[in-house]
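Q: quick one: sequence and predicted model below, then my questions.
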Amino acid sequence: MSWNLEDAGSQDGRVAIVTGANAGLGLETARALAESGCEVILACRNADKAAAAREQIIRRQPGARLACMTLDLSRLVSVSDFAQKFKRRYQRLDLLINNAGIMMPPFALSEDGFESQLATNYLGHFALTGRLLPRLLATSESRVVSVSSLAHRWSPIRLEDPHFANGYDARLAYGQSKLACLMFAYELDRRLCDGGHRTLSVAAHPGVSVTNLADHFPLANALFKTAARLVLQSAAAGAQPLLYAALAAEVEGGDYCGPLWLNQWRGPPGKVGSNRRSKDPAVAAQLWSLSEQATGVSYLS
């Protein structure tokens, strides 16, 4: 029997952060969590878009408890400011959904000197998780959900040149960032377990949805995209693996969740596999060390 949100029961009294909650998968995830009873923090770079997303959710669920907080994951100072403000306002954090991301933009460096996709998709979330870890550890049955992608198969972790100083390939850079998210989820789980903590670290991916079709396939034309709507997932369906990872009782630390059909492109959510490269503990440890050095945020070391 397929899992659905009703199986998780009421989430009343719980607090969740969803990064990139103003559109697409993040919006659908935030909406579902709010409808289940969570107080949801919409953590978004653009305050106006966050406010519009909040109003959209409230129109459907008038009693939803939602807060908008500004977070630009490409800027470490913004991550630090967000975490400080959150910890002043909230004494618990049940769910941290590390969802926000960018996909295959032209080459750019963040203000901290990081390749933009690695900065936004991974390093910002690494720093955010570390800065919020005290609240997560203090909250019973808390979880961190790191959003990866089928694109984790596209590239290794370039430990010697993670920021593509020797030539940029947008596709490889995106793949590296999503592999980093997945390896982080696995490594975070190992370190939480080694420390005797009960917070779970899990990963999820949405398959291929209409919302990200043009980004995955830049040459797709309007006719192809129209036809694809018949076979690919909607944003709401793509959010189901994220919700499953966050709420399903059978999910354990270190699990990877995604659609179960068509080579993980679409279908009901469940536990799925990832490639051998993603499970290399030696590279994961090196990535963790690189991340601590880059962000200045050290934890579980």
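A: Structure's in. What do you need? Residues are numbered from 1 along each chain as shown.
Q: buried residues in the longest helix that the chain contains, which are they?
A: The longest helix of the chain (DSSP state H) is helix 170-194. Under the neighbour-count criterion of 16 or more other CB atoms under 10 Å, helix 170-194 has 170, 172-192 buried. Backbone N, C-alpha and C define where each C-beta goes, glycine included.
Q: can you check stretch 110-121 too?
A: 110, 112, 114-121.
Q: check stretch 257-273 too.
A: Buried residues in stretch 257-273 (16+ other CB under 10 Å): 257-260, 264-267, 269-272.
Q: coming back round to it: and the longest helix of the chain, how far from the chain's centre?
A: How far helix 170-194 lies from its chain's middle: 11 Å, per CA atoms, centre = their mean, to the nearest Å.
Q: which secondary structure elements does it contact?
A: Under the contact criterion of 3 or more CB pairs under 8 Å, 6 or more residues apart in numbering; DSSP states H and E, helix 170-194 touches helix 116-117, helix 124-137, strand 143-147, strand 200-204, helix 281-295.
Q: make it 6 Å
A: helix 116-117, strand 143-147, strand 200-204, helix 281-295 (3 or more CB pairs under 6 Å, 6 or more residues apart in numbering; DSSP states H and E).
Q: and the nearest residue to G267 once chain neighbours are set aside, what are its bridge partners?
A: Closest residue in space to G267, ignoring its immediate chain neighbours: W261 at 2.9 Å, by CB to CB, 6 or more residues apart in numbering. Beta-bridge pairing for W261 (DSSP bridges): R266.
Q: how much space is there between W261 and L232?
A: When distance is defined by CB to CB, to the nearest Å, W261 is 11 Å away from L232.
Q: hmm, back to that, is it possible to export the helices and strands packed on helix 170-194 to a markdown table including distance to V15 and mean pLDDT?
A: Formatted as a markdown table, those follow (distance: least, CB to CB, whole Å; pLDDT from 0 to 100):
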| stretch | distance to V15 | mean pLDDT |
| --- | --- | --- |
| helix 116-117 | 29 | 98 |
| strand 143-147 | 12 | 98 |
| strand 200-204 | 16 | 98 |
| helix 281-295 | 24 | 98 |
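Q: okay, those in CSV with distance to I57 next?
A: Below are the helices and strands packed on helix 170-194 laid out as CSV (distance: least, CB to CB, whole Å):
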stretch, distance to I57
helix 116-117, 28
strand 143-147, 19
strand 200-204, 21
helix 281-295, 31
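Q: where do the strands sit along the chain?
A: With DSSP state E as the criterion, the chain has strands at 15-19, 39-44, 65-70, 95-98, 143-147, 200-204, 256-261, 266-271.
Q: nearest to I157, of the buried residues of stretch 110-121?
A: Lowest distance from I157 to the buried residues of stretch 110-121 (CB to CB) belongs to L118, with 9.8 Å.
Q: contacting residues around that closest one?
A: Taking CB atoms under 6 Å, 6 or more residues apart in numbering, we find L118 in contact with S177.
Q: that one and R65, how far apart?
A: According to CB to CB, L118 stands 33 Å off from R65.
Q: kindly report the same for D7.
A: 22 Å.
Q: got it, and K279?
A: Taking CB to CB, one finds K279 at 38 Å from R65.
Q: out of the strands of the chain, which is closest to M104?
A: strand 143-147 (16.2 Å).
Q: now do the closest one and helix 170-194, the angle between them.
A: Relative orientation of strand 143-147 versus helix 170-194 (axes from the mean of the first three to the mean of the last three CA atoms, to 10 degrees): 160 degrees.
Q: tell me what strand 143-147 is packed against?
A: Checking 3+ CB pairs under 6 Å, 6+ apart, strand 143-147 ends up next to strand 95-98, helix 170-194, strand 200-204, helix 240-247.
Q: turn the ones you listed into TSV, including distance to W288.
A: Listed next are the helices and strands packed on strand 143-147 as TSV, based on distance: least, CB to CB, whole Å:
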stretch	distance to W288
strand 95-98	15
helix 170-194	6
strand 200-204	12
helix 240-247	21
